[in-house]
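Q: Pasting the sequence and the predicted coordinates here, then a few questions.
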Amino acid sequence: MKLRSSRFWWLVCAALLLLRVGGGGTAVFAHDAVIERSSPANGEVLPEAPAQVVAWFAEELISGESSLAVFDAQGQQRDNGDGGVDLNDPDHASMIVTLPPLPDGSYTVQWRVVLLDGDASSGAFAFAIGENQAVAPPAVPATGGAGGLAGAPLFLAVGLTAVILLLGVIFLRRRAARSHA
């Protein structure tokens, strides 16, 4: 009995190692960037257009791979195209984008960040310009990780692990049946 249980645990350990090496471990241990605050703030209605939008995050961001952009209600990009990590921030934990003069209306700020550990996430927030303007929900909903396929490696690794465990149990039962026969 002890021999069978030790083989079972070896199969479990092998399956967990396969899960980690097979790519599922990165999905399990990935984390999203946390936006701490922004200027303008999410949902804020400003009396006049700001000259820039700034977003602060909880961790250092990779410059060149992180982006910040402002879109109008029709989905047209309205910033100066210079959004990215603020290199004047010694922590490299903020992003900035400059704006031309903008008309009254609702705007969506989209961000995509890559952290030092390689994890990427994205999101959006909205603000409005003009006293009688309402803030529309962000045009692009916030998402974490790599989008809709972020859980695919984990799903495949878990499925493969389940198959290996099932085959191990079948093998052990057949071997036990032969030894009792």
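A: Looks like it came in fine.
Q: where exactly do the strands run in the chain?
A: 35-39, 45-46, 52-57, 67-72, 84-85, 94-98, 105-114, 120-129 (DSSP state E).
Q: would you turn those strands into JSON lines with mean pLDDT and mean neighbour count?
A: All C-beta atoms are positioned from the backbone trio N, CA, C, and that covers glycine. Shown next, in JSON lines, are the strands of the chain (pLDDT from 0 to 100; neighbours: other CB atoms under 10 Å):
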{"stretch": "strand 35-39", "mean pLDDT": "94", "mean neighbour count": "15"}
{"stretch": "strand 45-46", "mean pLDDT": "96", "mean neighbour count": "16"}
{"stretch": "strand 52-57", "mean pLDDT": "97", "mean neighbour count": "20"}
{"stretch": "strand 67-72", "mean pLDDT": "96", "mean neighbour count": "20"}
{"stretch": "strand 84-85", "mean pLDDT": "96", "mean neighbour count": "20"}
{"stretch": "strand 94-98", "mean pLDDT": "97", "mean neighbour count": "21"}
{"stretch": "strand 105-114", "mean pLDDT": "95", "mean neighbour count": "22"}
{"stretch": "strand 120-129", "mean pLDDT": "94", "mean neighbour count": "21"}
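Q: Select the helix or strand of this structure having the lowest average pLDDT value.
A: Taking mean pLDDT, DSSP states H and E as the measure, helix 25-29 is the helix or strand of the chain with the lowest mean score, a mean of 44.
Q: and Asp104, what are its phi and psi?
A: phi -60, psi 150 (degrees, to the nearest 10).
Q: List the residues that contact it.
A: Ala128, Ile129, Gly130, Gln133 (CB atoms under 8 Å, 6 or more residues apart in numbering).
Q: what separates Leu102 from Glu36, distance-wise?
A: Leu102 sits 25 Å away from Glu36, going by CB to CB, to the nearest Å.
Q: quick one, helices of the chain?
A: Here the chain has its helices, by DSSP state H, at 2-19, 25-29, 152-180.
Q: between the ones you listed, which gets the lowest average pLDDT?
A: Lowest mean pLDDT within the helices of the chain: helix 25-29, at a mean of 44.
Q: And for Gln133, the neighbour number?
A: 16 (other CB atoms under 10 Å).
Q: If you could redo that for Glu48, that was the one I meant.
A: Glu48 - counted by other CB under 10 Å - has 11 other residues nearby.
Q: Identify the residue nearest it in space, chain neighbours excluded?
A: Counting by CB to CB, 6 or more residues apart in numbering, Glu48 lies nearest to Ile129, which is 6.7 Å off, once chain neighbours are set aside.
Q: Many thanks, I have nothing further to ask.
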